[in-house]
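**Q** Give me coordinates for this.
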Amino acid sequence: MPADSLTQALKTRARQAGFGLVGVCPAVTPAGLHRFHAWLDAGYAGEMQYLAARREAYAHPRHVLDGACSVVMLGMQYRTAEPVAGAAGQGRISRYAWGAADYHDVIHARLRDVARWLAAQVPGASVRGVVDTAPLLEREFARLAGLGWIGKNTMLIRRDAGSWFFLAALLTDLELDYDPPHEGDYCGTCRACLDACPTHAFPQPYVLDATRCISYLSIELRGSVPPPRRAGMGDWVFGCDICQEVCPWNRRAPTSDEEAFFPAAGSNPVSLADLLAMTDDEFRRRFRRTPLWRAKRRGLLRNAALAAGNQRAPGLVEALTRGLDDPEPLVREACAWALGRYEEAAAVSSSPDT
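**A** Numbering: from 1, shown residues only. Predicted coordinates for the structure are as follows:
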């Protein structure tokens, strides 16, 4: 089958598998590799040491698939319901983690379907599908494949789809018909994402200091959140969507009908008291197959305690007090900090000067 015909058939198959965005580019050294290296050297990766450990592997897709010639970049929308405004005692979870299933599992299953189809068309072809765990600069290749531009908030953005989509890649040693790269940047003079970040995680446009990012602090950081960062986390207990929520291009982002991405009961928003009362077994039963598993119980309860301290909702004092006896030192410390915030508020309200 000619490369152009095979490529068109492959795109059709990918769309049938649920990937609304499909673009194809050559497997080359990514144009933004130097920016990635500068980002690592600046210390912006924080404790994500796995990135620096595979630093050299990002230089070319052949380190992901030997003999790689082409990269098929795929996008799957995950915008479903809109966030429900939380009441006192409730916390927020990033949209991508609302569902009862881990998006990695959902997407890998679809990737396997497309990979098997391609291997059947060209027996002997090498094919590998990856979802944000391989040393591949996905956004760079997505831009090269014509899927969009990398915005000031470092997310891949499309004029017709915003940024509410997952990226995945299918690598193959086949030479396919390539799409033209996306040209232009449509962020213009807009600073909405930069100005809305409560932790000031963007030292400059197009650069994210992960060590200040709420998503990093609530998921990747395994130890105690630095005290200066805690108030800025607000009521987020897993991830953060602020820089995407304020992006004008997301006003027109399409919705997804993928049931796996729809909010599971109690996830939009989530009860902080329920999280703080959660045992290891309860955490395992509720979150074992979801993205929240990555934070582990101690990380999620740490985040819930910090959110409670930021809210200072009276109904959470009992849950925080119980947390002082939690087996995890990380949880005990966060609960103590949160209760201290309640005491500070009480002291201020009882002051004769107020």
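**Q** For stretch 173-184, measure first residue to last.
**A** Across its full length, stretch 173-184 reaches 29 Å between end residues, using Cα to Cα, to the nearest Å.
**Q** Please identify the buried residues of that stretch?
**A** D173, L174, L176, Y178, D179, P181, H182 (16 or more other Cβ atoms under 10 Å). Placement of C-beta: from N, CA and C, glycine included.
**Q** now do stretch 75-85
**A** Along stretch 75-85, these residues count as buried under the neighbour rule (16+ other Cβ under 10 Å): G75, M76, Q77, Y78, R79, T80.
**Q** Could you export those to JSON lines, including columns for secondary structure, distance to G232 and pLDDT?
**A** Below are the buried residues of stretch 75-85 laid out as JSON lines (DSSP: H, G, I helix; E, B strand; the rest coil; distance: Cβ to Cβ, whole Å; pLDDT from 0 to 100):
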{"residue": "G75", "secondary structure": "strand", "distance to G232": "30", "pLDDT": "98"}
{"residue": "M76", "secondary structure": "strand", "distance to G232": "30", "pLDDT": "98"}
{"residue": "Q77", "secondary structure": "strand", "distance to G232": "29", "pLDDT": "97"}
{"residue": "Y78", "secondary structure": "coil", "distance to G232": "25", "pLDDT": "97"}
{"residue": "R79", "secondary structure": "coil", "distance to G232": "25", "pLDDT": "97"}
{"residue": "T80", "secondary structure": "coil", "distance to G232": "27", "pLDDT": "96"}
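**Q** Just the buried residues of the longest helix anywhere in the chain, please?
**A** Ranked by residue count, the top helix of the chain under DSSP state H comes out as helix 329-350. By neighbour count on 16+ other Cβ under 10 Å, the buried set for helix 329-350 is L330, V331, R332, E333, A334, C335, W337, A338, L339, R341, Y342.
**Q** will you turn those into JSON lines that also has distance to A27?
**A** Output for these, formatted as JSON lines (distance: Cβ to Cβ, whole Å):
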{"residue": "L330", "distance to A27": "42"}
{"residue": "V331", "distance to A27": "45"}
{"residue": "R332", "distance to A27": "49"}
{"residue": "E333", "distance to A27": "46"}
{"residue": "A334", "distance to A27": "44"}
{"residue": "C335", "distance to A27": "49"}
{"residue": "W337", "distance to A27": "48"}
{"residue": "A338", "distance to A27": "49"}
{"residue": "L339", "distance to A27": "54"}
{"residue": "R341", "distance to A27": "51"}
{"residue": "Y342", "distance to A27": "55"}
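**Q** Name the pair among those residues with the greatest separation in space.
**A** Within the buried residues of helix 329-350, L330 and Y342 form the most distant pair, 19.6 Å apart (Cβ to Cβ).
**Q** Dump the buried residues of stretch 173-184 to a markdown table, plus distance to G124.
**A** As requested, those are exported to a markdown table (distance: Cβ to Cβ, whole Å):
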| residue | distance to G124 |
| --- | --- |
| D173 | 9 |
| L174 | 10 |
| L176 | 16 |
| Y178 | 22 |
| D179 | 25 |
| P181 | 29 |
| H182 | 32 |
